[in-house]
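S.K.: next comes the sequence, and after it the predicted model I'd like to discuss.
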Protein chains: 2
Amino acid sequence: MSSETDFIAPTMGAPKTGPVIRVLVVDDHPPMRMGLVALINSQPGMEVVAEASDGEEAIEVYDDVRPDIVLMDLRMPGMGGAEAILAIRIKHPDARVIVLSTYDLDEDIHRAIQSGAKSYLLKDMPIEDIASTIRGVHEGDASLPRPVAERLTERSQRQQLTERERDVLGFLVRGRSNKEIASSLCISEDTVKSHLKTLFFKLKVRDRTGAAVEAIRHGIVHLK
Amino acid sequence: MSSETDFIAPTMGAPKTGPVIRVLVVDDHPPMRMGLVALINSQPGMEVVAEASDGEEAIEVYDDVRPDIVLMDLRMPGMGGAEAILAIRIKHPDARVIVLSTYDLDEDIHRAIQSGAKSYLLKDMPIEDIASTIRGVHEGDASLPRPVAERLTERSQRQQLTERERDVLGFLVRGRSNKEIASSLCISEDTVKSHLKTLFFKLKVRDRTGAAVEAIRHGIVHLK
DNA sequence: TCCGGAATCCCCCAAATGGGTGAGAGTCAG
DNA sequence: CTGACTCTCACCCATTTGGGGGATTCCGGA
C-alpha cells in the first residue's frame, strides 16, 4: 500500500539505479506490515508491490506478482514462514526470500535457511540494515548478519538430534511420562529412556525439565 | 485503512474534533515503530510527538513531551514495559498508557494492567482497532479487547501463586533440583516439596516438567 | 564388504520425585 | 479473638527417573 510515502519518482531520470526492486511483504501484524511498507517505499530503488498476512496468501500472491524479493515473517498463524518458503521455491526455485523474525532462536534460523531463505534478519535491527540486505540479496548475496550467524554456529556446536529423539522431546514438552511416550510411539519404555539419555547428553542437561526448557529456548519445539 | 483518503487537513475547518491527540510510541523494533508512526499520523486527530526504543528512554521522553497517550511495547531490552509504566505513573498518575504486545500471555496482561496500563492491544489486531483504542483511552475509556479480556479471565480461574511458590518455580525452570532449590532458598527439601505439591495443583500439572512448561506458556516465568 | 549411526530392547540399581498426612508459627483481616 | 492463609518442617511410601552397562537389527556410505 503505497500511500504518501513514495514520492520516489519512479519515472524520474534515475541515474545509476537499475529497475526498481519489487518487494512482497509478508507479516501477520498489520502495524509491522505498515512499517515495512513505509520503510521499503521510502528507500530509493525499491517498492512494495504486494502484501500478505500469512503463508498461504504469500504463496498465492507470489504467483501473481512475481516479486524480486520476499520479506517474510517466520511465525504466522496457519502455515508458517518456513513452509511457505519451501512451497514458493518448489514452483520458483530462483525466488529470493529474506526472513524477518522477532526471534533469534537457532532452530528457527536453521529451518529458514534450510527452507531456502537467502538471509535472516531480526526485527530489532536498524532499518538501514534491512534495506541494505534487500539490496544485497537482490544482487545475489546470501550472507547472514553477525548475530544471526553466531546463533547458527552455536547450533552447529550442539549435536544434531535424530528424528526419534525429536519425537520423544515433543512428547516430553507436552508433559508425558516415559510410559506414555512409550505407548504413544509404540516402543518400550526402555527405548524411551535410551533416547532420553542421549537427549540429555546432547542438550547438556541433567533431566527432563532441563530438556523441555532447552527445547523451548532454542525453538526445537514450539509451544502450542 | 485510511491512507490515501485522509489528507488530514489539520487546519481545515475541523468540525467536532478537539485538539490533536499527542502520542508517544515506544517499541524496540525500528520497523514496528515506523509502522506505528505511519499508522497514527495517518489517522485524523492524532499525531506522534516522540518515539522511544526502551523503557528508560520512554520515561525520559515522557517528562519532556508530556504526551496524551503512550503506546508501549511490553518486552524490551533493559527495563521492560511494565516497569516503565510504573515509573511513569509515579511521577504522572494521570498518564494514559496503552500496551501493544506481540503476546497474549495472561501474566503479561495482568502485569501490564497492574502497572497501570489503560488497555492492552495485540500486534495482530487491525490498525482500526488500534486507532480506535487510542481515541477511546484518550476519552477516558479503559476497556480491553475481547480476546485479551478472555485471557485475563483464564488467569483469574487459575489459583494465584504465592511469592514463595513463584520463587520455587523460578528455580525449577532454571533446571534446579529440589535439593538445590532448598539450599538456594535456605529452607528444607521437604518444604520445597511442599511448595511443589501446591504448585502442581494450582497449575494443574503432574510433575515439574509440566510446571516448567506451563510457567513459560503463561508468562509466569520469562526465559532469560 | 565393513563400519558407524540409529533404533530397538534388556538388566540392575541408586537417586529423585511425587502423593498423602499432619502440624507448629506467623501474619493479617474481619 | 478467630479463622484463613502462608511458610515451614517432618515422616512414610510408591513410582519415576536417570546412570551404568550391553545386545540386536537395519541401513547407508566408504
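M.R.: Nice, I can see it. Numbering: from 1, shown residues only, chains lettered A, B, ... in the order given.
S.K.: confirm A:Ala182 sits in a helix?
M.R.: Yes: under DSSP: H, G, I helix; E, B strand; the rest coil, A:Ala182 falls within a helix.
S.K.: can you read off the pLDDT for it?
M.R.: A:Ala182 is assigned a pLDDT of 98 by the prediction.
S.K.: again with A:Pro15
M.R.: Per-residue confidence at A:Pro15 stands at 52 (pLDDT).
S.K.: how about the one 5 residues further on?
M.R.: Predicted confidence (pLDDT) at A:Val20: the value is 95.
S.K.: check A:Gly80 too.
M.R.: Reported pLDDT for A:Gly80: 87.
S.K.: would you agree it is in contact with A:Leu74?
M.R.: Yes: look at A:Gly80 against A:Leu74 with C-beta atoms under 8 Å: they come within range, at 6.4 Å. Yep, even glycine has a C-beta here, placed from its N, CA and C like the rest.
S.K.: comparing the two, which residue is more hemmed in?
M.R.: Using other C-beta atoms under 10 Å in any protein chain shown as the criterion, A:Gly80 and A:Leu74 rank with A:Leu74 on top: 26 against 21.
S.K.: give the contact list for that one.
M.R.: For A:Leu74, the contacting residues are A:80-82, A:99, A:101, A:103, A:108, A:112, by C-beta atoms under 8 Å, 6 or more residues apart in numbering or on different chains.
S.K.: and with 7 Å instead?
M.R.: A:80-82, A:99, A:101, A:108, A:112 (C-beta atoms under 7 Å, 6 or more residues apart in numbering or on different chains).
S.K.: can you pick out the ones from those that are in helices?
M.R.: Of the positions in the contacts of A:Leu74, A:81-82, A:108, A:112 sit in helices, assigned by DSSP state H.
S.K.: want to try JSON lines for the residues you listed, with distance to B:Gly45 and neighbour count as columns?
M.R.: Formatted as JSON lines, the ones in helices among the contacts of A:Leu74 follow (distance: C-beta to C-beta, whole Å; neighbours: other C-beta atoms under 10 Å in any protein chain shown):
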{"residue": "A:Gly81", "distance to B:Gly45": "36", "neighbour count": "28"}
{"residue": "A:Ala82", "distance to B:Gly45": "41", "neighbour count": "22"}
{"residue": "A:Asp108", "distance to B:Gly45": "40", "neighbour count": "25"}
{"residue": "A:Ala112", "distance to B:Gly45": "41", "neighbour count": "24"}
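S.K.: could I get those residues in CSV, plus columns for distance to DNA strand C?
M.R.: As requested, those are exported to CSV (distance: C-beta to the nearest atom of the strand, whole Å):
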residue, distance to DNA strand C
A:Gly81, 26
A:Ala82, 21
A:Asp108, 22
A:Ala112, 23
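S.K.: number of nearby residues for A:Lys91?
M.R.: So A:Lys91, with other C-beta under 10 Å, has 10 neighbours.
S.K.: so which residue of chain A comes closest to DNA strand D?
M.R.: Closest approach of chain A to DNA strand D (C-beta to the nearest atom of the strand) occurs at A:Asp207, with a separation of 2.9 Å.
S.K.: can you check the pLDDT for that residue?
M.R.: 98.
S.K.: with A:Ser194 instead?
M.R.: With respect to pLDDT, A:Ser194 has a value of 98.
S.K.: what about the residue in chain A that chain B sits nearest to, distance to B:Gly170?
M.R.: Residue nearest to chain B within chain A: A:Gly35 (2.6 Å; C-beta to the nearest C-beta). Remark: distance between A:Gly35 and B:Gly170 (C-beta to C-beta, to the nearest Å) = 35 Å.
S.K.: between the two, which is the more surrounded one?
M.R.: A:Gly35 (27 against 16).
S.K.: so who does that one touch?
M.R.: B:31-32, B:34-35, B:38.
S.K.: which one of these is nearest B:Val70?
M.R.: B:Met32 (15.1 Å; C-beta to C-beta).
S.K.: the closest one: which element?
M.R.: B:Met32 is located in helix B:30-41, with elements delineated by DSSP states H and E.
S.K.: how about A:Ile187?
M.R.: Per DSSP H and E, there is no helix or strand for A:Ile187.
S.K.: number of residues surrounding it?
M.R.: 16.
S.K.: element containing the nearest residue to A:Leu185 once chain neighbours are set aside?
M.R.: With sequence-adjacent residues excluded and distances taken as C-beta to C-beta, 6 or more residues apart in numbering or on different chains, A:Leu185 is closest to A:Asp167, at 6.1 Å. Applying DSSP H and E as the criterion places A:Asp167 in helix A:163-173.
S.K.: repeat that for A:Asp190.
M.R.: helix A:189-203.
S.K.: what are the buried residues along that helix?
M.R.: Neighbour-count burial for helix A:189-203, with 16 or more other C-beta atoms under 10 Å in any protein chain shown as criterion, is recorded at A:191-192, A:195-196, A:199-200, A:202-203.
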